[in-house]
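**Q** please find the sequence and the predicted model below.
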Amino acid sequence: MNKQNLLAALAALLLVAAPAALPAQGTAPAAKDMESFTCDGAFFTALLPKGWQKHEAITEGRQNREFGVTLKGPKNADGAYLRISVLFYAADHARFKTADKYLNLNAYPDPTLKIKGETYGPVKAAVVAGRRGQQFERKTFDFIPPYGVNPKKVPVYEQRLVIPVKKGGFYVLSYHAPEDISAKNLPVFKAILKSFKPAQ
Amino acid sequence: MVTLTGPLNRALKLSLLLLLAAAPAAAQLTEQETAFLGSCSANISQKIYDPSQAEKCLAELDDNDHALLGKAMNQDDIKTARLMADMNAVKDLGDFYRDADGAYIIYSGLVVRLDDADPCVLCQLQLGPQPDKLYPWVNKYAPEKLDDTKLAARDWGKLNPGIQQLLSGYGRSEQAWTGLAIKQREAALKAAATRKYNELLPPGARMYDAAANADTVKTIWPYLDDTQRTRINEIHDRINKTFEEAIQRAQASGQKNGEAEKKYAEMQEKFKGLKTAGGDNSGLLGKTFDNADAGSGAPGEKGGKTPGKSFKLTDAQAAKLAPRLQKALVGPKGELSDTPIGKEAIAFLSTKEGKLKFSVMKMDSDSTGAAFYPSTSEVKINKTFIEAAMQANNVSAEELMDAKNPAGLNKVTRYVAPTFIHEYDGHQKQTAWAVKNNIPDHYYIGQETEAFSKGALFVLQKKEAEIQKGNPWYSLQISESDVNMAKTLKNEGTPAVGRSVMYYDVPSREGVAAQNFAKYEDLKKQLTLRQLEAAKNPAAEAARDKKRPKSERTGQLEKDYNSIYPWYKESIKKNAEEAKYFQKALDEVDRQQKSNFQKYVMPDLA
């Protein structure tokens, strides 16, 4: 295939539509339903919903220089889970030395790794805890089970905020939810964003 | 430093010292460290069993190349090994309950941890093997999963009233039931069902009063085996046929047999759905996760892109396909040959541990794509996975088996290759790693994360190689779930791949570590005792040892004892090395992708 044909082929792959911005429909969790969390290394604190499963892999986090927590929320009827993560990527993180690299890899479609139906929104400015950063949304999919012979493809809404730190490293706050339960639970993510206090 | 009393023979002394030599240089614990370890111990001794606290303690003990663990081992190895066993078990339980969801998954995980674990560290902590002992912990740390835990455990209160009555009738009380472990409960349920089945259908009986016993049959049905169910179904078929024939005879003479019609309808109503219902453990517990047919269409005769095309392989065709598929994968110009990880896999073929025994066959579960069997060093690809690849690529059995035209084979090979990398370069190499490091080949979930990451890395490298050949469509030629895993690895790294691997019947690294450390004290005592016996009368002890089963001989116990700490250290070290390997390989993928984009596509797409 010559270069022109290849360009045409890739351009066809890139016909993507931006996911619609998601309005929050649920109610914000009450203060009594949230609990304080400080990550290993004390890179941030935040209020997290009580009763949600929290995963902080400390040993692996120290090895990978990736600190923070992933929360597992409710699942939809297809068995796909809602996940929220608050992570700090240290300046000596082996793969993501800068927020820009993370954004370049995650915020834009990769035409060579095409998933049918996946769409990306524009990268926009964002402010979290008084820090300036960027955010993006995308509509993607979970495969249930992810390695099955013929897995189910479940639509998922994602929102990520990337907040660089002046002296190095950056924070990523992510919302990953099956579409049908996304709007209802978005206020939980908003509450976490509101309570988020970076220490770097 | 631990001192063994009594005379030691040289071999044993060396063996015991090996473990301590593997620990970092001796140093005294500081007051602060002693206090910290005290708080870790309190989590266990006070029966708090907080998984987060256990995780924090383990992280501190393992930090700086296990510096604190080494100091603690040097100060009191037995106490430290016990603490390591308990904390790893508690962390493992917490990790499991964080991810597990639904009764079937909880059942799988609890059987691994409470029934099959040897030793069962949670049982030593009084959290099993009877599942009721675990309920207070679940209620404290995962209250939303208590109900499913009870269902998974065949709790008396979760059994249907019919089976409760049956068990009571056979002398099983609710109180006695709480004293049974999960597998014992399953066995008791099966035994009760079989007893009732034999009462209804004594050996040789060809008929029974089906209508009168419909409720009983439905009650015992989930606990019967396939032979028993088939026999019942055959009897029902005979009964139905009798009614059908009576109805037809009446119709032929222009009449209506109301009685036969009524009884026939009654049979249909009473046994509705019974014939097809699996109703086994998985059916009872709602096994919804491991679902091969969850997607848009299961592989097989139906569906596909060309109506009427068959995507089924016979067993003979599958066997015949294996050598051709192997060559298409790892041959000189095979699918793997133009990627760095593929070349590593091909290089592994010529090593002793890399010898490839490859087959395509029907496996026990249709939803398993492929598997590596460490005991026989075999990589098996499931026939159903090949059929899924055929359907996805619209390749018929004839096209796949056509020796003159490899187009069909090439398409299927492409689809299968990431899975092959997973099994061969992932799992078979893990076994080789254990052999090389002279440690046991324990299977744990982190090995799946590595294997999935390798499959994903292959996809990333292969798509760059294909772009260089003028093929930008590679990601459309493999399964979307493989593409998705590759994206996960590329964009978020191996930790994110690990978060998406959900094998609940596989123990975690911590679960294996817990069992190993729990054996430490007993092994040390046993070896010391045998040493004392050997010192008294070497010939008699040697003779005794010869009579012991292989797994209990002194040489094997020494091996087990001496591998506890090295395995723990090496498995953590391996994790760190894997992270570096993937980072380096991903950086190279980034560089190559950038270069390919500059050559082949508009710069603003990069």
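**A** On my side now, so go ahead.
**Q** longest helix in chain A, by residue count?
**A** The residue-count maximum for a helix in chain A (DSSP state H) belongs to helix A:179-195.
**Q** and for whichever helix or strand comes after that helix, what are the contacting residues?
**A** The helix or strand immediately downstream of helix A:179-195 is strand A:197-198, counting by DSSP states H and E. Here strand A:197-198 makes contact (Cβ atoms under 8 Å, 6 or more residues apart in numbering or on different chains) with A:43-46, A:88, A:129, A:131, A:163, A:165, A:171. Glycine gets a C-beta too; all of them are placed from N, C-alpha and C.
**Q** relative to chain B, which of those is nearest.
**A** A:F88 (13.0 Å; Cβ to the nearest Cβ).
**Q** helix or strand for that closest one, just tell me which one.
**A** strand A:81-89.
**Q** tabulate the CA atom coordinates of that strand in PDB.
**A** The C-alpha trace of strand A:81-89 is given here as PDB (Å, rounded to 0.1, in the frame of the first residue of the first chain):
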ATOM      1  CA  TYR A  81     -18.200  -2.000  37.000                       C
ATOM      2  CA  LEU A  82     -18.000   1.700  37.700                       C
ATOM      3  CA  ARG A  83     -14.400   2.700  38.700                       C
ATOM      4  CA  ILE A  84     -13.000   5.900  40.000                       C
ATOM      5  CA  SER A  85      -9.300   6.400  40.500                       C
ATOM      6  CA  VAL A  86      -7.100   9.100  42.000                       C
ATOM      7  CA  LEU A  87      -3.500   8.600  41.100                       C
ATOM      8  CA  PHE A  88      -0.200  10.500  41.400                       C
ATOM      9  CA  TYR A  89       2.400   9.700  38.800                       C
END
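**Q** which element follows that strand toward the C-terminus?
**A** helix A:99-106.
**Q** which parts of that next one are buried?
**A** Within helix A:99-106, the residues that qualify as buried are A:99, A:102-106, counting by 16 or more other Cβ atoms under 10 Å in any protein chain shown.
**Q** over to stretch B:146-162?
**A** B:146, B:148-156, B:158-159.
**Q** any idea how far it is from the chain center?
**A** 24 Å (Cα atoms, centre = their mean, to the nearest Å).
**Q** residue contacts, residue 185?
**A** Picked chain A for this. By Cβ under 8 Å, 6+ apart, A:N185 lies in contact with A:26, A:73-74, A:82, A:177.
**Q** switch to chain B, that's the one I care about
**A** Applying Cβ under 8 Å, 6+ apart to B:R185 gives the contacts B:153-154, B:177.
**Q** out of those, the closest to chain A would be?
**A** Nearest to chain A out of these is B:A153 (Cβ to the nearest Cβ; 20.1 Å).
**Q** look up the closest residue to the closest one, ignoring the ones flanking it.
**A** Leaving out its chain neighbours, the residue that sits closest to B:A153 by Cβ to Cβ, 6 or more residues apart in numbering or on different chains is B:P131, at 3.4 Å.
**Q** now swap in B:T413 and tell me
**A** B:A328 (4.1 Å).
**Q** quick one: the one you found from B:G408, how far?
**A** 11 Å (Cβ to Cβ, to the nearest Å).
**Q** hey, what's the residue sitting nearest the centre point of chain A bridged with?
**A** In chain A, the residue lying closest to the centroid (Cα atoms, centre = their mean) is A:S174, at 2.7 Å. A:S174 has these beta-bridge partners by DSSP bridges: A:S85, A:R160.
**Q** can you check the pLDDT for it?
**A** You'll see A:S174 listed with a pLDDT of 96.
**Q** next up, the contacts around it.
**A** A:83-87, A:158-161.
**Q** I'd like those residues as a markdown table, with neighbour count and pLDDT appended.
**A** Output for the contacts of A:S174, formatted as a markdown table (neighbours: other Cβ atoms under 10 Å in any protein chain shown; pLDDT from 0 to 100):
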| residue | neighbour count | pLDDT |
| --- | --- | --- |
| A:R83 | 21 | 91 |
| A:I84 | 24 | 95 |
| A:S85 | 20 | 94 |
| A:V86 | 26 | 97 |
| A:L87 | 21 | 96 |
| A:E158 | 20 | 96 |
| A:Q159 | 23 | 97 |
| A:R160 | 21 | 97 |
| A:L161 | 22 | 98 |
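**Q** and which of the residues you listed is nearest chain B?
**A** A:R83 (8.0 Å).
**Q** OK, contacts around the closest one?
**A** Going by Cβ under 8 Å, 6+ apart, A:R83 touches A:70-73, A:174, A:176-177.
**Q** same thing but at 10 Å, please
**A** A:52-53, A:55, A:70-73, A:142, A:156, A:158, A:174-178, B:499 (Cβ atoms under 10 Å, 6 or more residues apart in numbering or on different chains).
**Q** what's the strand or helix carrying B:A434 in contact with?
**A** Assigned by DSSP H and E, B:A434 belongs to helix B:429-436. Under the contact criterion Cβ under 10 Å, 6+ apart, helix B:429-436 has outside partners B:344-345, B:348, B:351-354, B:372-375, B:377, B:439-444, B:446-448, B:450-451, B:454, B:563, B:567, B:570-571, B:574, B:577.
**Q** so which of those residues sit within helices?
**A** Those of these lying in helices (DSSP H): B:344-345, B:348, B:446-448, B:450-451, B:454, B:563, B:567, B:570-571, B:574, B:577.
**Q** all helices of chain A, in order?
**A** A:3-13, A:58-64, A:99-106, A:179-195.
**Q** in TSV: these, plus mean pLDDT.
**A** Shown next, in TSV, are the helices of chain A (pLDDT from 0 to 100):
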stretch	mean pLDDT
helix A:3-13	43
helix A:58-64	84
helix A:99-106	93
helix A:179-195	96
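**Q** need the winner for burial among the ones you listed.
**A** Of all those, helix A:58-64 has the most neighbours on average by mean count of other Cβ atoms under 10 Å in any protein chain shown, namely a mean of 20.
**Q** so how far is it off the chain centroid?
**A** On Cα atoms, centre = their mean, the centre of helix A:58-64 falls 19 Å from the chain's centre.
**Q** that helix packs against which elements?
**A** Packing partners of helix A:58-64 (3 or more Cβ pairs under 10 Å, 6 or more residues apart in numbering or on different chains; DSSP states H and E): strand A:66-75, strand A:81-89, helix B:51-75, helix B:494-500, helix B:554-600.
**Q** by mean pLDDT, show me the worst of those.
**A** The weakest mean pLDDT among the helices and strands packed on helix A:58-64 belongs to helix B:494-500, with a mean of 81.
**Q** that one close to chain A?
**A** Yes - Helix B:494-500 is in contact with chain A by Cβ under 10 Å from any Cβ of the partner chain, via B:494-500.
**Q** restrict that helix to CA atoms and write it as CSV.
**A** Written as CSV, here are the backbone C-alpha positions of helix B:494-500 (Å, rounded to 0.1, in the frame of the first residue of the first chain):
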residue,chain,number,x,y,z
THR,B,494,0.8,-3.1,33.5
PRO,B,495,-0.9,-2.0,36.8
ALA,B,496,-4.1,-1.3,34.7
VAL,B,497,-3.8,-4.7,32.9
GLY,B,498,-3.6,-6.3,36.4
ARG,B,499,-6.8,-4.5,37.4
SER,B,500,-8.7,-6.1,34.5
